[in-house]
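Enquirer: fold the following.
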Amino acid sequence: MADSPAVVVAVGVDACKTGWIAVAVDDKGVLTAHYLPGIASLTAIVPDASVVAIDIPIGVPESGRREADLAARSRLGARRNSVFFTPPRAAVEAATHAEATAASVRLTGFGVSQQSFALAPKLLEVDTWVQTAPFPVYEVHPEVSFAVLLGAPASAPKKSWAGMSERRRALESAGLTLDHIHGDAALRAAVDDMLDATVAAWSARRIARGQAVMIPDPAPTGSRGRPVAIWA
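Expert: The predicted structure follows:
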């Protein structure tokens, strides 16, 4: 008797205030959500992960702007500001916002917002983890993924009622229903965290099926030898 084909488990990950939210979906559309105190715990919590798509920059630049950020912004129209420019490594590793801003101005000509600087610990956490992750890991951006899923950029901000409803309907149209989610992930995730992790899982499934788009295409190679791109 022939072996059954391996089940593909596509995982989307988004940051939340105290850690990460991971949404896993298998070939049959069974969806589960998990809270991760640290990104490295994904291996133990979802040990059968096949492809992981995460909403965090992978490929920190040494200087200048990333082509992936510029290309993603150009696709989003009114939603372009949802894509932050990834700060250069010296800014990400800086101890204070003032030091990060000075480093960024020197290396890119632009400063670093407080919001971008606040993401630095998570960016560095993933920058280290991805080097030894036991499954392929891809960078995604939820607003880019939603734009592909919807066929156009979302019409309303994600934290508005209209924006939340639009995005949730889009996920349901793709067979990704969140009504049954409960437990720690449901308690710790803000509404947009859960929606973003779920659309990241949608993109992870497209990556596994060879259906995803890569932005830009072709993608430049980063300093650590991997393509620097946003997938959707």
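
Enquirer: burial check on Arg209, number of neighbours?
Expert: Look at Arg209: counted by other CB atoms under 10 Å, it has 12 neighbours. (Each C-beta comes from the backbone N, C-alpha and C, glycine too.)

Enquirer: quick one: low-confidence residue ranges for this structure.
Expert: Filtered on pLDDT under 70, the chain yields the residue ranges 1-5.

Enquirer: tell me where the chain has strands.
Expert: 10-16, 19-25, 31-36, 51-54, 137-139, 214-215, 230-231 (DSSP state E).

Enquirer: show me what the fourth one pairs with in its sheet, parallel or antiparallel.
Expert: Right, strand 51-54. Strand 51-54 has these partner strands in its sheet, going by DSSP bridges: strand 10-16 (parallel), strand 137-139 (parallel).

Enquirer: and the shortest one, what's buried?
Expert: Buried residues in strand 137-139, counting neighbours by 16 or more other CB atoms under 10 Å, are found at 137-139.

Enquirer: also stretch 183-197?
Expert: Under the neighbour-count criterion of 16+ other CB under 10 Å, stretch 183-197 has 185, 188-189, 192-197 buried.

Enquirer: quote the end-to-end distance of that stretch.
Expert: In stretch 183-197, first residue to last residue: 16 Å (CA to CA, to the nearest Å).

Enquirer: ok, now stretch 14-27?
Expert: For stretch 14-27, the first-to-last residue distance is 21 Å (CA to CA).

Enquirer: try stretch 169-184
Expert: Stretch 169-184 has an end-to-end distance of 24 Å (CA to CA).

Enquirer: what separates it from the chain centre, distance-wise?
Expert: 18 Å (CA atoms, centre = their mean, to the nearest Å).

Enquirer: please apply the same query to stretch 46-54.
Expert: The answer for stretch 46-54 is 13 Å, by CA atoms, centre = their mean.

Enquirer: got the buried residues for stretch 151-170?
Expert: Within stretch 151-170, judged by 16+ other CB under 10 Å, the buried ones are 153-154, 158, 163-164, 166-168, 170.

Enquirer: for those, which one is nearest Ser50?
Expert: The closest of the buried residues of stretch 151-170 to Ser50 turns out to be Ala170 (CB to CB; 23.3 Å).

Enquirer: so the closest one sits against Ala147, correct?
Expert: No - contact criterion CB atoms under 8 Å: Ala170 and Ala147 do not qualify, at 10.1 Å.

Enquirer: quick one, phi/psi of Pro157?
Expert: Per-residue torsions, Pro157: phi -60, psi 150 (degrees, to the nearest 10).

Enquirer: skip the chain neighbours and tell me the closest residue to it.
Expert: Gly163 (4.9 Å; CB to CB, 6 or more residues apart in numbering).

Enquirer: follow-up on the earlier one: and the buried residues of stretch 151-170, which two are the farthest apart?
Expert: Farthest pair in the buried residues of stretch 151-170 (CB to CB) is Pro153 and Arg168. Separation: 16.5 Å.

Enquirer: alright, that wraps it up for me.
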